[in-house]
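> sequence plus predicted model, see below.
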Amino acid sequence: MVTRTDHWLEKLKSTDGRVTDARRAVVDVIVSSPRPLTPVEIFDAARKKHLHLGLVSVYRTLEKLEELRLIQRVHQEQGCQAFLRAGVGHQHLLLCERCGQAVLFDGDDLESLFSRISQQTGFEIKDHWLQVSGVCAECK
Ligand SMILES: [Zn+2]
Ligand SMILES: [Zn+2]
């Protein structure tokens, strides 16, 4: 069975030919996390699987994964420093304020809002990035 970790490692390998245990540990942590993680959180969790992991390899792996669009940045109060496995196609992010769990959802009903903003500002709107926060069903 090909796991999501294997799939990601294959893609990473096609960029620079390297698959290391360190990388596998980093990828494993992100793939299995239901919530966004900062590089340091990823480092701490992945170090349990791979003792000699360096923080620099975490940053390098994140950079590659972001280039490949396998992960996405999540906006938080401290900045956009946390990462989550990316959704498929155009999806929006829903974040629980209590447990931190992230859920991706489809759907855009934003056309009327955008055309109003367009008229008010004179902007031609080409793209958007939407993140919604609240309290999830389990935390309510
Ligand atoms: Zn929650
Ligand atoms: Zn959208």
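Right, received. Where do you want to start? Ligands and ions are numbered 1, 2, ... in the order given.
> what residues does this structure put near ligand 1?
By CB under 5 Å from the ion, the residues of the chain that approach ligand 1 are 96, 98, 99, 136, 139. Where you see a C-beta, it was placed from the backbone N, CA and C, and this is true even at glycine.
> show me which of those are buried.
Among those, those classed as buried by 16 or more other CB atoms under 10 Å are 96, 136.
> contacts only, for residue 43.
Going by CB atoms under 8 Å, 6 or more residues apart in numbering, residue 43 touches 53, 55, 58.
> sort out which of these are in helices and list them.
The members of those that map onto helices under DSSP state H are 55, 58.
> list buried residues within the contacts of residue 43.
Members of the contacts of residue 43 classed as buried by 16+ other CB under 10 Å are 53, 58.
> okay, the contacts of residue 43 in TSV with pLDDT and distance to residue 36 next?
Shown next, in TSV, are these (pLDDT from 0 to 100; distance: CB to CB, whole Å):
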residue	pLDDT	distance to residue 36
53	92	20
55	95	18
58	95	15
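> three-state assignment of residue 83?
Here residue 83 is strand, with the state taken from DSSP: H, G, I helix; E, B strand; the rest coil.
> tell me which residues form a beta bridge with it?
The partner list for residue 83 in beta bridges (DSSP bridges) reads residue 37, residue 73.
> sounds good, over and out.
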